[in-house]
Structures are given as structure tokens and as C-alpha cells.
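>>> This is a predicted model, with the sequence first.
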Amino acid sequence: MKTKFAKLALIAVLSTAGATAAFAHDAASAAAKQLIDLKDGSTLYVFKDGKMAVEDKYGHAMRMKRGTELETKDGQKIQMQSDEVARLDSLLREGHDG
């Protein structure tokens with residue numbers, strides 16, 4: 001009986017953690033005008049004001065120099081116009097204030 005309860009408790013904890021991560025990602029996605037998948041597995045966020053930020057394939061905001069050329073999954077080239085790393089980091093952390 002104890003192992004069944006432990007399994008249910010673990011499932012509940014993991015479900016909550018996944019929901020929190022999804023919520024944080026939703027906040028970042030909602031703030032962006034456009035999300036562009038990049039060739040290296042990262043994601044370019046283009047915000048409504050035209051500024052940009054990059055999330056690496058592990059879900060972390062990463063610093064990019066202005067003017068850096070990025071390649072999309074389909075081979076197009078995009079040049080970074082700004083680096084909103086703090087803005088994206090804040091959005092990705094939203095809901096993780098445990």
C-alpha cells in the first residue's frame with residue numbers, strides 16, 4: 001500500500017513540475033510575436049516591439065551579440081537585431097518563484 005501511495009505522490013509532483021514549466025514557456029511564447037526554430041535546436045523569439053532573444057535547446061535564455069547571423073531550420077539566415085536575454089530569462093522563469 002505504501003509503494004502505491006509513493007508512486008501516486010511522485011506522479012503528482014512530476015505532473016505539477018511539468019505544468020509549471022509549460023506555464024513559464026507559455027508566458028514567453030505569449031510575449032513573442034514570432035517564434036523561429038533554429039538549425040542548432042534553439043529558438044529565436046521576436047517580440048512585438050521587434051527586439052529579439054534566443055532560447056537554447058535546453059530551455060535557457062542565451063546571450064547573443066547584435067549582428068550575429070542565425071540559421072533557421074529551413075536554411076534561411078536571420079541577423080540578430082538586439083539581445084533581450086534578461087527579458088526572455090524573466091519570462092522563462094515566470095512561475096518558478098517557489
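Thanks, I have the structure now. Numbering: from 1, shown residues only.
>>> Am I right that residue 45 sits in a strand?
Yes - assessed by DSSP: H, G, I helix; E, B strand; the rest coil, residue 45 belongs to a strand.
>>> What about it, how many residues nearby?
23 (other C-beta atoms under 10 Å). Yep, even glycine has a C-beta here, placed from its N, CA and C like the rest.
>>> Kindly report the same for the one 3 residues further on.
By other C-beta under 10 Å, 9 other residues sit near residue 48.
>>> List phi and psi for it.
For residue 48, the backbone dihedrals (degrees, to the nearest 10) come out as phi -60, psi -30.
>>> ok, now residue 31?
Per degrees, to the nearest 10, the backbone of residue 31 is at phi -80, psi -20.
>>> tell me which helix or strand of the chain sits lowest on mean pLDDT?
Of all helical and strand segments in the chain, the minimum by mean pLDDT, DSSP states H and E falls on helix 2-31, at a mean of 58.
>>> Can you list the strands that the next helix or strand after it pairs with?
Remark: after helix 2-31, the chain's next helix or strand is strand 32-37, criterion DSSP states H and E. According to DSSP bridges, strand 32-37 forms sheet pairs with strand 43-47 (antiparallel).
>>> can you give me how far the strand it pairs with is from the chain middle?
Centroid displacement of strand 43-47 relative to its chain, using C-alpha atoms, centre = their mean, to the nearest Å, is 9 Å.
>>> again, but for stretch 37-54
10 Å.
>>> How about it, which residues are buried there?
By 16 or more other C-beta atoms under 10 Å, the buried positions in stretch 37-54 come out as 38, 42, 43, 44, 45, 46, 47, 51, 52, 53, 54.
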